[in-house]
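**Q** Sequence and computational prediction follow.
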Amino acid sequence: LERHNRDLPRLMPIEMRDPEKFINKLQEFFDKAVEVTGDFEAIFKTDIYEYLVLPEDSGTLFDVIEGINSFIEDMDYYKLEEFEADIVGHVYEELIEPEERHQLGQFYTPPAIAELITNWCIRSPDDKVLDPAVGSGTFLVKAYSRLKNLKLLESPRRSDRAIHNEVIGQLYAIDIDSFPAHLTAINLAMRDVREPITEVNVITEDFFKVAPEQTVLAGYKVRTARGEIRREIIIPKVDVVVANPPYTRWVEIPEKTKNAIQEVLADILRRYNLTARVQQGIEPGIYIHFIMHSHKFLKPGGRLGMIISDSWLQTDYGVDFGRYLLENWKVKAIIDISARVFPVPLIGACIILLEKPYNGENIDNNEVF
């Protein structure tokens, strides 16, 4: 923002050794950014900073403060908004402990795969796009580019500002963790730092506790005549769902999420014999539940594209899942990726491209590639 707002004071290294004063000073810089730009609350007025705690040990505290100050200085030399790669996504993956990353299946999506999926799914410049397991926002960054290009093809003389604001309003993100949700807001803001993004639709919530056309509160505050309040976001029926959902096995899913899955998907899981029965070897990965729940959010004719674990292709329950897919979707393609795209040898993946049928549409003759 400093490069585009001359009135914005430069973020300088903070020469304080008291942890509380250090954080308060950092927040003063953030508050000033909101005041000068008149916006960007989604970046600077989020709850995530309330959880920031610096270590009390003087030696460790000194190292942490020096690290933050060095980072502040480095940002004078790098223009992240000019990098085409998803730098934020790379940083996010490196911050997750390898053991946790393996257990929860949290992996940065390779940009080429995200681009392939979004280009296939998004067909109209007016498409609304949802990523229900957004992580750092790699898919929505690619969706932003796709929608912007389609709008420019339709109306080459439209201003960048109008297009930027429209595209941001068409993107919806959900993540159960506030940290990646915040990174997504940053990632989307970086598409054009000259423009405000008050209307960024990033939600911190368990996807299985969200229903289409439900009103939820954003994780950041906006200024109004009544003071600072949380913006209300309505999750609409969308044209596109894209995601790299976790590859978590049933026994590794938190109990609260298990209960939410069973509450919203019990009937269809029972109908297709996909209710988890660990002792009998029926242990579907959570990506199956993401696909089932996403069906509710798509308009008829809408498209879904995900990169998921390929483990279901080698299991008995995979036969039942295949039956669910064929009876509820037009399965356009399943692309098995022979080369491991994630940095864990035991994790294989496939891309699945689906289209939601129109009401009453006969899908018996649908061809699958």
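**A** Noted; the coordinates are in hand.

**Q** mind checking the backbone torsions on Leu153?
**A** phi -70, psi -40 (degrees, to the nearest 10).

**Q** show me the contacts for it.
**A** The contact partners of Leu153, taken as CB atoms under 8 Å, 6 or more residues apart in numbering, are Pro125. From N, CA and C alone the C-beta is placed, and that goes for glycine too.

**Q** Kindly report the same for Glu154.
**A** Glu154 touches Pro125, counting by CB under 8 Å, 6+ apart.

**Q** And the pLDDT at it?
**A** In this model, Glu154 is scored at 93, pLDDT.

**Q** buried residues in stretch 167-186?
**A** Under the neighbour-count criterion of 16 or more other CB atoms under 10 Å, stretch 167-186 has 167-168, 170-176, 178-186 buried.

**Q** again, but for stretch 3-16
**A** Going by 16+ other CB under 10 Å, stretch 3-16 has these buried residues: 8, 11, 14.

**Q** again, but for stretch 290-306
**A** 290-295, 297-299, 302-306.

**Q** Just the closest of these to Glu115, please.
**A** Taking CB to CB as the measure, Glu115 lies nearest Gly305 of those, at 10.8 Å.

**Q** give me every residue that touches that closest one.
**A** If you count contacts by CB under 8 Å, 6+ apart, Gly305 has them with 117-118, 120-121, 240-242, 351-354.

**Q** Same list (those residues) but as JSON lines, adding secondary structure and distance to Phe62.
**A** Listed next are the contacts of Gly305 as JSON lines, based on DSSP: H, G, I helix; E, B strand; the rest coil; distance: CB to CB, whole Å:
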{"residue": "Ile117", "secondary structure": "helix", "distance to Phe62": "45"}
{"residue": "Thr118", "secondary structure": "helix", "distance to Phe62": "44"}
{"residue": "Trp120", "secondary structure": "helix", "distance to Phe62": "51"}
{"residue": "Cys121", "secondary structure": "helix", "distance to Phe62": "49"}
{"residue": "Val240", "secondary structure": "strand", "distance to Phe62": "48"}
{"residue": "Val241", "secondary structure": "strand", "distance to Phe62": "46"}
{"residue": "Val242", "secondary structure": "strand", "distance to Phe62": "43"}
{"residue": "Ile351", "secondary structure": "strand", "distance to Phe62": "47"}
{"residue": "Ile352", "secondary structure": "strand", "distance to Phe62": "49"}
{"residue": "Leu353", "secondary structure": "strand", "distance to Phe62": "52"}
{"residue": "Leu354", "secondary structure": "strand", "distance to Phe62": "53"}
